[in-house]
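Asker: A predicted structure for the sequence below; I have some questions about it.
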Amino acid sequence: MSCSPSLAPIEVLDSLAGKTLGELQALVADMGEPVFRAQQLHHWIYVKNARTFDEMTNLAKSFREKLAQHFTIGHLELAEKQISSDGTRKYLFRLSDGQLIESVLMHFKDRDGYSICISSQVGCAVDCSFCATGKLGFKRNLTVPEIVDQYLYVQADLGKEVRNIVFMGQGEPLLNYDNLLAAIRLLNQSAEVGMRHITISTSGIIPRISQLAQEKLQLVLAVSLHAPDNDTRNQFMPINKKWPVEQLIQSLQDYIRLCGRRITIEYILLAGINDSREHAHRLGQLTQSLKCNINLIPYNPIGQDYDFKRPSLETIEAFKSRLSRYGKKVTLRMERGTDIDAACGQLANQASLNR
């Protein structure tokens with residue numbers, strides 16, 4: 001009786017994307033190379049956006065070959081790229097363990113440069129009823145290299161500088177706090193993305209908001225409020241039962257006091273649920289104590305099996321008009337990438353053939 005030979009485990013090479021300059025210096029020293037090689041590597045990875053070692057032409061060929069034997073620049077594998085009629089690009093990435101995540105590249109004609117929407121987790125545990133990602137459930141946190149390489153890969157693919165990063169992709173960023181902060185610092189210090197051009201969007205993880213306040217970073221905090229009262233918010237955001245509206249507002253007041261930074265309140269408009277005249281006035285009153293802007297987001301469809309609908313344009317404009325009377329800057333989020341399921345709330349790791 002013959003036995004089939006056992007398959008050797010697939011070796012996953014260590015990723016250089018996600019390593020700090022100090023870590024690269026230790027790495028090249030262990031390889032017996034002069035320390036200045038670390039600065040060259042760092043520049044090729046974070047500034048020149050090299051995706052292969054062959055591109056690093058000022059490194060000796062022998063050193064490049066040695067690097068290729070033990071390391072990869074990043075672990076992301078492109079499973080599919082879709083381009084919307086409005087130019088938005090959605091990237092479906094396969095990770096080294098086979099899990100999938102998505103990143104979205106956007107460009108607005110009236111704004112400066114490109115923006116990338118980055119994922120922080122595989123799936124999401126928060127399970128907001130209007131969000132497709134929540135239907136996936138939570139799989140795991142992304143590592144620092146997996147977070148950072150989304151930016152590096154997309155910028156290299158675009159061939160242009162991406163100036164703005166928003167953590168509004170899959171997952172709740174503040175539930176992957178340590179990796180998120182390490183990635184943000186690396187993107188700021190190594191990839192040279194200005195801290196004021198980085199946005200963290202959260203559903204309201206109060207302990208982590210308090211922890212973030214102590215960091216006193218000059219980034220933008222965006223909070224997915226989506227309702228001005230507990231009864232309404234409980235209908236579609238289960239997290240509100242743990243951290244209700246009044247506690248969330250208090251934590252935001254403390255954050256603003258400590259950081260001195262204006263925050264963004266995000267408010268999805270759901271027809272017949274949170275878009276009434278009364279909701280607009282309650283929201284205006286609730287946010288009076290906050291140094292904030294308010295961003296209104298008309299609901300983006302995530303399938304026919306859900307009871308949510310987008311309000312009419314007339315209702316949206318009326319809501320915005322009433323809310324604006326309370327003295328806050330109120331903006332309406334421009335719809336981008338809806339035709340490829342790349343808009344807010346639509347990310348569900350679906351390839352085009354499976355949609």
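Answerer: Nice, I can see it.
Asker: and for Arg282, the neighbour number?
Answerer: 18 (other CB atoms under 10 Å). Any C-beta I mention is one placed from the backbone N, CA and C, and that applies to glycine too.
Asker: quick one, what contacts the nearest residue to Tyr326 once chain neighbours are set aside?
Answerer: Leaving aside its sequence neighbours, Tyr326 sits nearest to Gly284 (CB to CB, 6 or more residues apart in numbering; 3.3 Å). By CB atoms under 8 Å, 6 or more residues apart in numbering, the contact set of Gly284 is 322-323, 325-326, 328.
Asker: drop anything exposed from those.
Answerer: 322-323, 326, 328 (16 or more other CB atoms under 10 Å).
Asker: quick one, strands of the stretch 101-250 of the chain?
Answerer: Applying DSSP state E, counting those that start in this stretch to the stretch 101-250 of the chain gives strands spanning 114-117, 121-123, 138-141, 162-167, 198-202, 220-224.
Asker: export the contacts of Gly284 to TSV and tack on secondary structure?
Answerer: Formatted as TSV, those follow (DSSP: H, G, I helix; E, B strand; the rest coil):
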residue	secondary structure
Arg322	helix
Leu323	helix
Arg325	coil
Tyr326	coil
Lys328	coil
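Asker: quick one: which of those is nearest to Ser15?
Answerer: Closest approach between the contacts of Gly284 and Ser15, by CB to CB: Lys328, at 42.3 Å.
Asker: quick one, grab the pLDDT at that closest one.
Answerer: Turning to Lys328, the model gives it a pLDDT of 96.
Asker: and the residue nearest to Tyr326, which of the three is it?
Answerer: Gly284 is classified as helix under three-state DSSP.
Asker: any low-confidence regions in the protein?
Answerer: Along the chain, segments meeting pLDDT under 70 span 1-12, 109-112, 303-306, 337-355.
Asker: cutoff 80 now
Answerer: Scanning the chain with the threshold set as pLDDT under 80 gives 1-13, 108-112, 132, 134, 301-307, 334-355.
Asker: and the protein, what are its domains?
Answerer: 14-72, 77-354 (automatic domain parsing).
Asker: coming back round to it: and which of the contacts of Gly284 is nearest to Val28?
Answerer: Lys328 (51.0 Å).
Asker: identify the residues contacting Ser103.
Answerer: So Ser103 contacts 90-91, 93, 116-119, 150, 153-154, 169 (CB under 8 Å, 6+ apart).
Asker: may I see the ChimeraX selection of the buried members of these?
Answerer: Of these, the buried ones go into a single ChimeraX selection, burial set by 16+ other CB under 10 Å:
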select :90,91,93,116,117,118,119,150,153,154,169
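Asker: does Ser251 touch Ile209 like I think?
Answerer: Yes - using CB atoms under 8 Å, Ser251 is in contact with Ile209, at 4.9 Å.
Asker: dump the strands of the stretch 101-250 of the chain into TSV; add distance to Glu266 as well.
Answerer: TSV is the format used below for the strands of the stretch 101-250 of the chain (distance: least, CB to CB, whole Å):
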stretch	distance to Glu266
strand 114-117	13
strand 121-123	18
strand 138-141	21
strand 162-167	11
strand 198-202	7
strand 220-224	5
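Asker: quick one: closest of these to Val245.
Answerer: strand 220-224 (10.9 Å).
Asker: what does the closest one contact?
Answerer: 128, 166, 168, 196, 198-204, 209, 212, 237, 248, 252, 255, 259, 261, 263-266, 268, 295.
Asker: what are the ranges of the helices in the stretch 251-355 of the chain?
Answerer: Taking DSSP state H, counting those that start in this stretch to define them, one finds helices in the stretch 251-355 of the chain at 277-286, 313-324.
Asker: CA-only coordinates of the shortest one in PDB, if you can.
Answerer: Translated: helix 277-286. In PDB, the C-alpha atoms belonging to helix 277-286 read as follows (Å, rounded to 0.1, in the frame of the first residue of the first chain):
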ATOM      1  CA  ARG A 277     -38.100  67.100  10.200                       C
ATOM      2  CA  GLU A 278     -37.900  66.100  13.900                       C
ATOM      3  CA  HIS A 279     -34.700  64.100  13.300                       C
ATOM      4  CA  ALA A 280     -33.100  67.100  11.600                       C
ATOM      5  CA  HIS A 281     -33.900  69.400  14.500                       C
ATOM      6  CA  ARG A 282     -32.800  66.800  17.200                       C
ATOM      7  CA  LEU A 283     -29.500  66.300  15.400                       C
ATOM      8  CA  GLY A 284     -29.000  70.100  15.200                       C
ATOM      9  CA  GLN A 285     -29.600  70.400  19.000                       C
ATOM     10  CA  LEU A 286     -27.500  67.300  19.900                       C
END
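Asker: so how far is it from its chain's centroid?
Answerer: Distance of helix 277-286 from the chain centroid (CA atoms, centre = their mean, to the nearest Å) equals 28 Å.
Asker: same check, this time on stretch 36-55
Answerer: Counting by CA atoms, centre = their mean, stretch 36-55 comes out at 25 Å from the chain centroid.
Asker: could you do stretch 85-102 as well?
Answerer: On CA atoms, centre = their mean, the centre of stretch 85-102 falls 12 Å from the chain's centre.
Asker: what are the buried residues along it?
Answerer: Buried, per 16+ other CB under 10 Å, within stretch 85-102: 86, 88-96, 100-102.
Asker: how long is it from one end to the other?
Answerer: Separation of the first and last residues of stretch 85-102 by CA to CA, to the nearest Å is 18 Å.
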